[in-house]
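Q: Need a 3D model of the following:
(one chain, ligands or ions: 1)
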Amino acid sequence: MIHMEQVCYSYQKNKTSILNSVTLHENEPVIGAIWGRNGAGKTTLMSLLAGHNRPDSGTIQIMGQNPYNNLSAQGHLCYIQENHPLGKSWTMNDLVTIGSHFHSQWDQELAKRLIDAFELPSKQKMSKFSKGMKTAAQIILGLCSNASVTIMDEPTNGLDAEKRKLFYEALLETYENNPRLILISTHHIEEVQPLCESLIVVHQGKVLYHRPMEEVRERGVLLTGLIQDVELASVGTNIIESARMGTTGKVMIDDVYSKEWAAKAQLHGLSIEKATLQDYLVNVTRKQEEVRA
Ligand SMILES: Nc1ncnc2c1ncn2[C@@H]1O[C@H](COP(=O)(O)OP(=O)(O)OP(=O)(O)O)[C@@H](O)[C@H]1O
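A: Numbers count the residues shown, from 1 in each chain. Next up, the predicted model:
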């Protein structure tokens with residue numbers, strides 16, 4: 001479905017590469033999350049996949065075709081940028097007409113239901129929409145396109161909790177009806193992770209991870225207790241965060257949170273918790289920086 005092979009990209013000629021030899025393959029229909037800290041290169045990666053930019057070197061294929069300047073490849077794609085440039089005078093009615101014109105598998109019934117659910121007026125100009133309403137309009141375009149490869153850059157930006165829930169429900173519904181590749185970049189990884197089968201972590205212009213979500217969501221062991229007990233229990237492990245306060249120590253270990261860890265913590269008189277995925281990923285990327293420094 002998507003193939004990126006050793007792609008390098010810089011916004012200006014002879015300037016430092018923003019993406020450095022990125023290789024990424026996704027052959028199965030999945031919902032995948034793209035996570036990375038600010039400035040990591042997520043948007044750059046997505047815009048290259050969508051054919052909006054041309055790589056300086058390396059190759060990109062979407063459904064077997066180079067997406068750059070290629071109408072045939074664009075027919076398989078729907079790329080929803082953050083702050084998608086929706087026409088100033090467009091209404092939701094126009095968006096639906098344009099969406100159905102560009103996307104051969106357009107889901108008109110879902111579009112109607114989502115316009116109602118997101119409480120969007122059909123005839124009002126979108127330039128008068130609030131931020132959340134514009135985001136909802138973009139979501140409708142992305143989900144109803146039914147494109148074989150749908151890429152959405154921070155699609156929940158500006159949505160309140162209820163509307164985010166609506167989006168997640170609609171995402172699952174449309175994916176179950178028509179499994180395809182849907183990539184979503186997000187800073188709300190805790191919310192999105194239950195829906196995703198795959199996780200791509202972008203860090204400093206590279207794909208640091210591309211793994212099944214189920215493998216990653218189980219990682220991150222937090223131990224707290226007396227410093228010497230914490231140190232004893234964590235000998236030989238990969239510590240990705242540590243903190244001390246008085247005689248108390250706390251570490252996060254890059255390992256699977258398991259029954260074995262629970263038993264070990266009890267043996268050493270320590271308390272144990274599963275780290276949140278967000279904290280785990282922040283620490284994994286920080287640790288990567290320390291290794292490189
Ligand atoms: N149009 C541009 N011209 C020059 N540099 C750019 C441009 N767009 C992005 N960059 C730079 O490329 C790097 C990666 O930016 P990018 O927007 O891809 O990151 P991101 O992971 O999407 O970040 P965020 O989470 O903050 O949206 C940053 O250093 C940014 O300054």
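Q: Can you list phi and psi of residue 21 for me?
A: Main-chain torsions, residue 21, degrees, to the nearest 10: phi 50, psi 60.
Q: okay but it is in contact with residue 206, surely?
A: Yes: under the criterion of C-beta atoms under 8 Å, residue 21 makes contact with residue 206 at 7.4 Å. For glycine as for every other residue, the C-beta is placed from the backbone atoms N, C-alpha and C.
Q: The two: which is more packed in?
A: residue 206 (18 against 14; other C-beta atoms under 10 Å).
Q: pLDDT wise, what is that one at?
A: pLDDT recorded at residue 206 is 95.
Q: and the residue lying closest to it once chain neighbours are set aside, how many neighbours?
A: What sits nearest to residue 206 in space, not counting adjacent residues and going by C-beta to C-beta, 6 or more residues apart in numbering, is residue 20, at 5.6 Å. For residue 20, the neighbour count with other C-beta under 10 Å is 16.
Q: Just the CA coordinates for the helix or strand containing residue 20, please, in CSV.
A: Assigned by DSSP states H and E, residue 20 belongs to strand 19-26. Output of strand 19-26 as CSV, limited to C-alpha atoms (Å, rounded to 0.1, in the frame of the first residue of the first chain):
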residue,chain,number,x,y,z
LEU,A,19,13.8,13.6,6.8
ASN,A,20,16.9,11.4,6.9
SER,A,21,16.8,8.2,5.0
VAL,A,22,13.3,7.2,6.0
THR,A,23,12.1,3.7,5.2
LEU,A,24,8.5,2.8,5.9
HIS,A,25,6.3,0.1,4.5
GLU,A,26,2.6,-0.7,5.3
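Q: That one and the ligand in contact?
A: No: using C-beta under 6 Å from any ligand atom, strand 19-26 stays clear of the ligand, with a minimum separation of 8.2 Å.
Q: which other helices and strands contact that strand?
A: strand 2-9, helix 42-49, strand 206-212 (3 or more C-beta pairs under 8 Å, 6 or more residues apart in numbering; DSSP states H and E).
Q: Point out the most buried one among these.
A: helix 42-49 (a mean of 23; mean count of other C-beta atoms under 10 Å).
Q: chain center to that helix: distance?
A: Counting by C-alpha atoms, centre = their mean, to the nearest Å, helix 42-49 is centred 12 Å from the centre of its parent chain.
Q: Contacts for it, please.
A: In this structure, residues lying in contact with helix 42-49 by C-beta atoms under 8 Å, 6 or more residues apart in numbering are 2, 4, 7, 9, 11, 18-19, 22, 24, 34-36, 53-55, 60, 62, 67, 79, 81-82, 149, 151, 153, 183, 185, 202, 205, 207.
Q: For that helix, what does the pLDDT average out to?
A: Rounded mean pLDDT across helix 42-49 is 97.
Q: Taking their axis directions, it and strand 206-212 sit at what angle?
A: With axes from the mean of the first three to the mean of the last three C-alpha atoms, to 10 degrees applied, the angle from helix 42-49 to strand 206-212 works out at 80 degrees.
Q: could I get helix 42-49 in PDB with only the CA atoms?
A: In PDB, the C-alpha atoms belonging to helix 42-49 read as follows (Å, rounded to 0.1, in the frame of the first residue of the first chain):
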ATOM      1  CA  LYS A  42       5.400  14.000  11.000                       C
ATOM      2  CA  THR A  43       3.700  16.500   8.700                       C
ATOM      3  CA  THR A  44       6.700  16.500   6.300                       C
ATOM      4  CA  LEU A  45       6.500  12.700   6.100                       C
ATOM      5  CA  MET A  46       2.800  12.700   5.500                       C
ATOM      6  CA  SER A  47       3.000  15.500   2.800                       C
ATOM      7  CA  LEU A  48       5.600  13.400   1.000                       C
ATOM      8  CA  LEU A  49       3.400  10.300   1.200                       C
END
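Q: Could you point out the helix or strand that follows that helix?
A: Defined by DSSP H and E, the subsequent element after helix 42-49 is strand 57-62.
Q: and the helix or strand that comes right after that following strand, which residues are buried?
A: Where DSSP H and E defines the elements, the next helix or strand beyond strand 57-62 is helix 71-74. Buried residues in helix 71-74, defined by neighbour count with 16 or more other C-beta atoms under 10 Å: 73, 74.
Q: tell me what helix 71-74 is packed against?
A: Taking 3+ C-beta pairs under 8 Å, 6+ apart as the contact cut, helix 71-74 packs with no helix or strand.
Q: Check which element follows it along the chain.
A: strand 77-80.
Q: Buried subset of the contacts of helix 42-49, written for ChimeraX?
A: Provided next is the ChimeraX selection string for whichever of those are buried by 16+ other C-beta under 10 Å:
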select :2,4,7,9,18,19,22,24,34,35,36,53,55,60,62,67,79,81,82,149,151,153,183,185,202,205,207
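Q: I am finished for the moment; much appreciated.
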